[in-house]
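Novice: have a look at this prediction, sequence included:
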Amino acid sequence: LIYLKNFLPLEVQNWLVKICLEKGKGSETQGGGFYTLKDEKVLELNQKTRGRLIDSIDSFPQRLKTICLECLKKAQEIDPRLPSMNPNTVLINFYKENSHFKWHRDSENPELLEKGIGKPVISLSVGLSANFGYKRRYDDLDHESILLSSGDVFVFGGKSRMIVHSVLNVIPKTAPNGLDGRMRRYRLNVTFRDVVGFLDKNLFPQYRVRYDIETDESGGDGQIAA
C-alpha cells in the first residue's frame, strides 16, 4: 500500500475535474455518463448517492495516462516490489457529500494473484476528502483507515492487491481553495487498472470484469471491451 499525499498539483486537479465532468455529464433526454433518467424526465446519479462510469483510457486525452504513469513511477520509487502495469481502463466515481460505498474487492486475474503479482490499482482523489477503510479479509472485525484528500493518490498492488476496502464517508466542506467550484459538494475518484480480461457491459453501471472467456461477443481480442 502506497500513499502519495498532495501528489497532484492544483492545476492537475482542476484539469481532472474538467475532463471527468465533461465525460460524465450525460444527456437531459437519455441520461448516460454519471446519470440515469428517472421517470423519463429527471436526471439522477446512476448509483443514487454517486455516479459512476468506466471506459477505455484511449477515450480520454493522452495526458490522463501520463498522469497515471507518473503516479506509478513515484510509487515504484517508494516500493520497487510494486508490479508494473499498462493502464487501459478508467473508472470514475462521482460522490455526493456524506455518501459512502460498501466493503468490496477489485477483481484481478486469478493467475496473477496466485503468483503474488496482481497489477496495481491507482486511485486519484479530487474534491471533498473521504475516510477510506481497508482490511485483509471481509470477516476481519477491525480495519485501518486513511483520510484521502484532494490531490492524494493511493496505490495497491502485488501482495496487497486484493485488500477489502470501502469509502467510509465523504466529508462536507473539505474541498481545497482554488479548486473548481463545481466540486464544493462532491468528490471525484479516478481509478486506473490494467484489465487483462473483459468488461461485461450488459450489467452497467454494475459492471463486472470477466476472466473466463477468451474473446468478447464482438469477436475481437477483447483485451478491453469498454
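Specialist: Yep, it's here. Numbering: from 1, shown residues only.
Novice: how about the contacts made by the most centrally placed residue in the chain?
Specialist: For the chain, residue 191 is the residue whose C-alpha lies nearest the centre (CA atoms, centre = their mean; 2.5 Å). Residues counted as contacts of residue 191 (CB atoms under 8 Å, 6 or more residues apart in numbering) are 90, 91, 92, 93, 121, 122, 123, 124. The way it works is simple: take the backbone N, C-alpha and C, and place the C-beta from them, glycine included.
Novice: in PyMOL, how would I select just the buried ones from those residues?
Specialist: Those of those that count as buried under 16 or more other CB atoms under 10 Å are selected in PyMOL with:
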select buried, resi 90+91+92+93+121+122+123+124
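Novice: out of the contacts of residue 191, which are inside strands?
Specialist: By the criterion of DSSP state E, membership of the contacts of residue 191 in strands covers 90, 91, 92, 93, 121, 122, 123, 124.
Novice: and the residue nearest to the centre of the chain, that's in a strand?
Specialist: Yes: assessed by DSSP: H, G, I helix; E, B strand; the rest coil, residue 191 belongs to a strand.
Novice: circling back: closest to residue 76 out of the ones in strands among the contacts of residue 191?
Specialist: Using CB to CB, residue 122 comes nearest to residue 76 of the ones in strands among the contacts of residue 191, at 11.2 Å.
Novice: am I right that that closest one is in contact with residue 72?
Specialist: Yes: contact status for residue 122 versus residue 72: in contact at 6.2 Å, counting by CB atoms under 8 Å.
Novice: on that earlier part again, let me know the pLDDT of the residue nearest to the centre of the chain.
Specialist: We have a pLDDT of 96 for residue 191.
Novice: equivalent analysis for residue 110, please.
Specialist: 66.
Novice: got it, and the one 10 residues further on?
Specialist: Model confidence at residue 120, given as pLDDT, is 93.
Novice: tell me the contacts of it?
Specialist: 72, 75, 82, 83, 85, 155, 156, 157, 158, 161, 194.
Novice: so where does residue 63 fall, helix or strand?
Specialist: helix 62-78 (DSSP states H and E).
Novice: quick one on the thing from earlier: partner residues bridging the residue nearest to the centre of the chain?
Specialist: residue 91, residue 123 (DSSP bridges).
Novice: gap between it and residue 156?
Specialist: For residue 191, the distance to residue 156 equals 11 Å [CB to CB, to the nearest Å].
Novice: what of residue 65?
Specialist: For residue 65 relative to residue 156 (CB to CB), the value is 19 Å.
Novice: neighbour count: these two, which is higher?
Specialist: It is residue 156, of residue 65 and residue 156, that has more neighbours when counted by other CB atoms under 10 Å, with 22 against 17.
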